[in-house]
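Visitor: Next come a sequence and a model predicted from it.
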Amino acid sequence: MAKKVLNVLLLSMFFIGVVSTNSISVAQSVDPFGKYSEPVVLNIAMSVAPTLTLPPGDNLENDQYTRHIKDNLNIIIKVAWQAASGDNYTQKVNLAIASNNLPDAMTVYTPAQLRQMVKFGQLEDLTEAYNKYASPAMKTMMKKAGKLVSSAVTFNGKMLAIPAINVPEDGYHLMWIRKDWLDKLGLKPPRTIDELEKVAKAFVDMGTIGISGPQSGGLLYANFLAATNNTFGFDPIFSAYHSYPGFWIKGADGNPVYGSILPETKKALAKLRDLYSKGLIDKQMGIRKDSAEPVVSGKSGIFFGPWWMGYWPLPDAITNDPKANWQAYAAPLDEDGRWTPHLGTPANSFTVVRKGYEHPEAVVKILNLLIRDESKFDFTKGGIGLYPLRVPMAPLDEGEVTVKAGKAVLAGIKKPEDYDVPQYDIYKLLRQDVRNIKEVKLKPYDRMDIQYWNPKANMTAWSRWYSLMVGCSPIYAAKSITKPVYSLIYYPTKTMETKWATLKKLEDETFMKIIMGVAPLDSFDKFVEDWKKLGGDEITAEVKEEIK
């Protein structure tokens, strides 16, 4: 009997091996870029900037991106609906979810929306479509990103979305400062909070804004639900005090605690209140319609933001004033000389397909095409954000590899053609990058001040290389003194669905009033008490269970 069982098991294993091998063979024979013989129509939702301008004759259904998709894949893009980027788009997605009226596919920008659609059973299982049709480059990036990304889109063993794979650099918030003003005043870039205050005062004494702040509707700091890419917030100032408002961190007792209710946050708020009262922070903070305007018009000397400021708003700033030498620094540091930023998850936006759509693999193919051909597009004819269903996908080390390659080409150690090898296939922009760096970077190649660049030669190339060389390089240079902090979770718990909006409003209003001097600093203590009573304690218990 035992021998019979053994034979059956061996036979089963043989057949499993045959099936697995055949499955791999089939998957490999499928073309990730295969063009449909008959047109496939895909109705999508789009997030569009209110200031969008397209070349004459182009529209959202007929531009360089949709034409490229049609020519290569025979997929016809139709826009079911569009909304202004930001809150407007978020609200329209929420309405689509609530009414169970989803387009064939769309991109959502919060884990909460993804989980809502999963909860209501609205999404198509993309497991097979991904396994069969995802390009080698997409699969390599997913593998490199690891469980932090794959687990964000996997529910009960099913892949229900294609995740963004954001470079970790998106989570770092740097100090951007007018170095030409520093040079004029004979000052060095500030490294500490005290030095930052002195520089801000010197700028204000020149008749400018010292430190820009968030605009109306902007964030004082990134949070666990929107953990990266915050612009004009005060993230680095909070972090210098080891304050992580909006993040769930490990408390002194080892249990999760919400960073906004800790003493360190009160201390950071006290400093911001002091800076504001001295006129060193923009007096129109929180009510200004556009925080980028003073940067563009040369009226502000310091702001905080991620590495990619070379894409926005700096092109407009240097167009207005070619001598505006904006440089980025990993600062301010904490009292021990360490840089202690908070970081996000690599997966914070998702492309989803409605349940029942006939061609889910079409969405995978569209994203394959983006990865392969992004460097071919002309961003002056519409930014890459207009690419249908785009989620950013990049190897986690893309920034560092690109900076290293750029420096090697500038130094003459490498030639651009040295990067035309399979090893660099997943770095989708690298081959184009190394070919155009000398077009925009002037000698001396090791100096990054604005006078050693030529943005007029190729503004698209300048935006990328300036963002990388000026925006990313400080992150890499500070590695030895960097102590990053991550949130324990990056998605909402059950009670948050009904109570978080109230708690967040309470937090935002209290903190803004404290900073602007409308409420006393000790109103922080009342906020903590109210926050805990209004659902904070209940949510904290849920976070603890989630982590378990």
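Guide: Noted; the coordinates are in hand.
Visitor: Just give me the neighbour total for Ser99.
Guide: Using other Cβ atoms under 10 Å, Ser99 is surrounded by 8 other residues. Glycine gets a C-beta too; all of them are placed from N, C-alpha and C.
Visitor: got it, and the one 10 residues further on?
Guide: Residues within reach of Tyr109, counting by other Cβ under 10 Å, total 19.
Visitor: Tell me the helix or strand right after the lowest-mean-pLDDT helix or strand in the chain.
Guide: Of the helices and strands making up the chain, the lowest-confidence element is helix 2-29, at a mean of 38, by mean pLDDT, DSSP states H and E. Heading C-terminal from helix 2-29, the first helix or strand you meet, by DSSP states H and E, is strand 40-48.
Visitor: which residues sit against the helix or strand just after that following strand?
Guide: Next along the chain after strand 40-48, taking DSSP H and E as the criterion, comes helix 64-73. Here helix 64-73 makes contact (Cβ atoms under 8 Å, 6 or more residues apart in numbering) with 33-36, 40, 58, 60, 75-77, 362, 365-366, 369, 373, 376-378, 381-382, 386-388.
Visitor: again, 6 Å this time
Guide: Lys35, Ile75, Ile77, Lys365, Ile366, Leu369, Phe377, Lys381, Leu386, Tyr387 (Cβ atoms under 6 Å, 6 or more residues apart in numbering).
Visitor: Report the secondary structure state of the fifth one.
Guide: I take that to be Ile366. helix (DSSP: H, G, I helix; E, B strand; the rest coil).
Visitor: count of neighbours near it?
Guide: 25.
Visitor: The last one too?
Guide: Tyr387 is flanked by 22 other residues according to other Cβ under 10 Å.
Visitor: so how far is Gly86 from the closest residue to it other than its chain neighbours?
Guide: Distances taken as Cβ to Cβ, 6 or more residues apart in numbering put Tyr65 closest to Tyr387, at 4.6 Å, once the chain neighbours are dropped. For Tyr65, the distance to Gly86 equals 21 Å [Cβ to Cβ, to the nearest Å].
Visitor: of those two, who's got more company?
Guide: Tyr65 (23 against 13).
Visitor: What pLDDT is listed against the more buried one?
Guide: You'll see Tyr65 listed with a pLDDT of 98.
Visitor: As a check, name the ranges of all strands in the stretch 201-350 of the chain.
Guide: Ranges of strands within the stretch 201-350 of the chain are 209-211, 248-250, 256-258, 300-305, 326-329, 342-343, 350-353, based on DSSP state E, counting those that start in this stretch.
Visitor: which one of the ones you listed lies closest to Val518?
Guide: Set against Val518 and scored by Cβ to Cβ, the strands of the stretch 201-350 of the chain come closest in strand 209-211, at 18.8 Å.
Visitor: That closest one packs against which elements?
Guide: helix 193-205 (3 or more Cβ pairs under 6 Å, 6 or more residues apart in numbering; DSSP states H and E).
Visitor: If we use 10 Å, what do you get?
Guide: helix 193-205, helix 263-277, strand 300-305 (3 or more Cβ pairs under 10 Å, 6 or more residues apart in numbering; DSSP states H and E).
Visitor: can you redo these as JSON lines with mean neighbour count and mean pLDDT?
Guide: Putting these into JSON lines (neighbours: other Cβ atoms under 10 Å; pLDDT from 0 to 100) gives the following:
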{"stretch": "helix 193-205", "mean neighbour count": "18", "mean pLDDT": "98"}
{"stretch": "helix 263-277", "mean neighbour count": "19", "mean pLDDT": "98"}
{"stretch": "strand 300-305", "mean neighbour count": "26", "mean pLDDT": "98"}
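Visitor: quick one: which of those is nearest Thr51?
Guide: Short answer: strand 300-305, nearest of the helices and strands packed on strand 209-211 by Cβ to Cβ, at 18.8 Å.
Visitor: Direction included, what does that closest one pair against?
Guide: Sheet pairing for strand 300-305, assigned by DSSP bridges, gives strand 174-178 (antiparallel), strand 209-211 (parallel).
Visitor: from the contacts of helix 64-73, which two are the most distant?
Guide: Lys35 and Lys381 (23.6 Å).
Visitor: sorry, back to before: in a markdown table: the strands paired with strand 300-305, plus mean neighbour count and distance to Lys544.
Guide: Output for the strands paired with strand 300-305, formatted as a markdown table (neighbours: other Cβ atoms under 10 Å; distance: least, Cβ to Cβ, whole Å):
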| stretch | mean neighbour count | distance to Lys544 |
| --- | --- | --- |
| strand 174-178 | 26 | 33 |
| strand 209-211 | 25 | 37 |
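Visitor: would TSV of those with mean pLDDT and distance to Ala49 be doable?
Guide: TSV is the format used below for the strands paired with strand 300-305 (pLDDT from 0 to 100; distance: least, Cβ to Cβ, whole Å):
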stretch	mean pLDDT	distance to Ala49
strand 174-178	98	22
strand 209-211	98	25
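Visitor: I'd like to know which of these is closest to Tyr466.
Guide: strand 174-178 (11.5 Å).
Visitor: what about the closest one, distance to the chain center?
Guide: Relative to the centre of its chain, strand 174-178 is centred 19 Å away, using Cα atoms, centre = their mean, to the nearest Å.
Visitor: Taking helix 193-205 as reference, get the angle to that strand.
Guide: 30 degrees (axes from the mean of the first three to the mean of the last three Cα atoms, to 10 degrees).
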